[in-house]
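[1] Quick one, structure for this:
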Amino acid sequence: MACMEDSLNQFIQDLVRFCCELQTNLGEHLEKRNTELMSLSNEIYSLIDGQTVLIHELEMMSSNKVQNDQQWINEHLTSVHSTTDGKINNLHRLLADTFLLLMHNLAHQLHLQEAENQAFSQMIVSQI
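    Numbering: from 1, shown residues only. Model (predicted):
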């Protein structure tokens, strides 16, 4: 019986020692994992913070680009309007000064020719 008690006491001591070592090893392992996770968490936070700054910079650059493009378009549109107005006025002057006068003269000549044709037709009819 004493042998059994000694064996049981030895078993309990071994179990207690095993549990203590296990607890120590688990504690060290958990502490190491906690440190690694904190480090990883800090790196992720730093990365997210950097990406957020980058996104804000891109947003500002995009906004500036849109404003610059709109300004360029408005300036170009003004230039195009000015150029087209000038071309339209030049074409209008060309048509009014050149072709309109020629067309009036042509219309007058055609009117005179029509009058002569009518007179000629009346003369032919009267002689028949």
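
[2] how about low-confidence regions in the protein?
    Along the chain, no part satisfies pLDDT under 70.

[3] what's the following helix or strand after the longest helix anywhere in it?
    Within the chain, and with DSSP state H defining each element, the longest helix by residue count is helix 2-94. Heading C-terminal from helix 2-94, the first helix or strand you meet, by DSSP states H and E, is helix 100-127.

[4] Next, the angle from that next one to helix 2-94.
    50 degrees (axes from the mean of the first three to the mean of the last three C-alpha atoms, to 10 degrees).

[5] Give the buried residues for helix 100-127.
    Of all the residues in helix 100-127, not one is buried under the rule 16 or more other C-beta atoms under 10 Å. All C-beta atoms are positioned from the backbone trio N, CA, C, and that covers glycine.

[6] distance between it and the chain's centre?
    68 Å (C-alpha atoms, centre = their mean, to the nearest Å).

[7] Return the list of helices and strands in contact with it.
    With contacts taken as 3 or more C-beta pairs under 8 Å, 6 or more residues apart in numbering; DSSP states H and E, helix 100-127 sits against no other helix or strand.

[8] hang on, the earlier thing: which helices and strands sit right next to the longest helix of the chain?
    Packing partners of helix 2-94 (3+ C-beta pairs under 8 Å, 6+ apart): none among the helices and strands.

[9] middle-most residue in the chain, spatially?
    The centroid of the chain falls nearest to Ser62 when counting by C-alpha atoms, centre = their mean (7.7 Å).

[10] Let me see the contact set for that one.
    Not one residue lies near Ser62 by C-beta atoms under 8 Å, 6 or more residues apart in numbering.

[11] I'd like the numbering to begin with 817 instead of 1 from here.
    Renumbered: residue one is now 817, and that last one reads Ser878.

[12] Please tell me how far it sits from Trp888.
    16 Å (C-beta to C-beta, to the nearest Å).

[13] can you check Arg909 too?
    Between Arg909 and Trp888 the computed distance is 32 Å (C-beta to C-beta).

[14] got it, and Leu907?
    Plainly put, Leu907 is 28 Å away from Trp888 if you go by C-beta to C-beta.

[15] And Asp901, by the same measure?
    Counting by C-beta to C-beta - Asp901 and Trp888 are separated by 20 Å.
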